[in-house]
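S.K.: give the three-dimensional model of this entry:
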Amino acid sequence: MRITVTVDQPTPEFQTKLLALLSEHAQDVEADSTWTEERATQYYRMLPARARRIVKEAVQRGGHVPADALRDKPDDSLRGHSAPLSRILQRGKMLRCWPEAMEQPVTGVGPGFGKVEGYGINPDLIPVFETAISNVEK
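M.R.: Here you go, the predicted model:
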């Protein structure tokens, strides 16, 4: 059996009781952490322009955008470009736009510390974010 519950603007008392019930049955509860068109649209809409460009380029390029494609000039730094991707994800969790279990849709690709080599998005998310981009840019 699968039960989906959506509660918009619950009272604090109801929310406390519901969360207590869910935690009591945590082993049987699976969080919905799927990027839907609605969630992706809201996420994309909340992003500042530079972060939107990262998402859009990654989607348009089939899942990966090299860092050089995001630089306006060859020596430009991308420092600070990707921070909003994480910040907006966290803000959406805080505002309960999506569940805590949501994962970052676009991530940096590279050796770890220092410059990124590019950004990637899971190919399964491309159609969802194509729709989101279209919804926002209409």
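S.K.: can you give me the helices in this structure?
M.R.: Counting by DSSP state H, the chain has helices at residues 12-24, 37-46, 49-60, 67-70, 83-94, 126-137.
S.K.: and those: which comes nearest Val109?
M.R.: With C-beta to C-beta, the closest approach to Val109 among the helices of the chain belongs to helix 67-70: 8.6 Å. For the C-beta atoms, the positions are set from N, CA and C on the backbone; glycine is no exception.
S.K.: any idea of the mean pLDDT for that closest one?
M.R.: Computed over helix 67-70, the mean pLDDT rounds to 88.
S.K.: same check, this time on stretch 13-28
M.R.: Summarised as a single mean, pLDDT over stretch 13-28 is 81.
S.K.: would you mark the buried spots in the helix or strand bottoming out on mean pLDDT in the chain?
M.R.: Counting by mean pLDDT, DSSP states H and E, the weakest-scoring helix or strand in the chain turns out to be helix 12-24, with a mean of 83. By 16 or more other C-beta atoms under 10 Å, helix 12-24 has no buried positions at all.
S.K.: which residues of the protein score low on pLDDT?
M.R.: Within the chain, the segments meeting pLDDT under 70 span 1-2, 112-114.
S.K.: let's see that with 80 instead.
M.R.: Within the chain, the stretches with pLDDT under 80 are 1-10, 19, 22, 25-32, 74-81, 110-115.
S.K.: if we can go back for a sec, next one: the least confident helix or strand of the chain to chain centre, how far?
M.R.: When distances are taken as C-alpha atoms, centre = their mean, to the nearest Å, helix 12-24 is centred 26 Å away from the chain's centroid.
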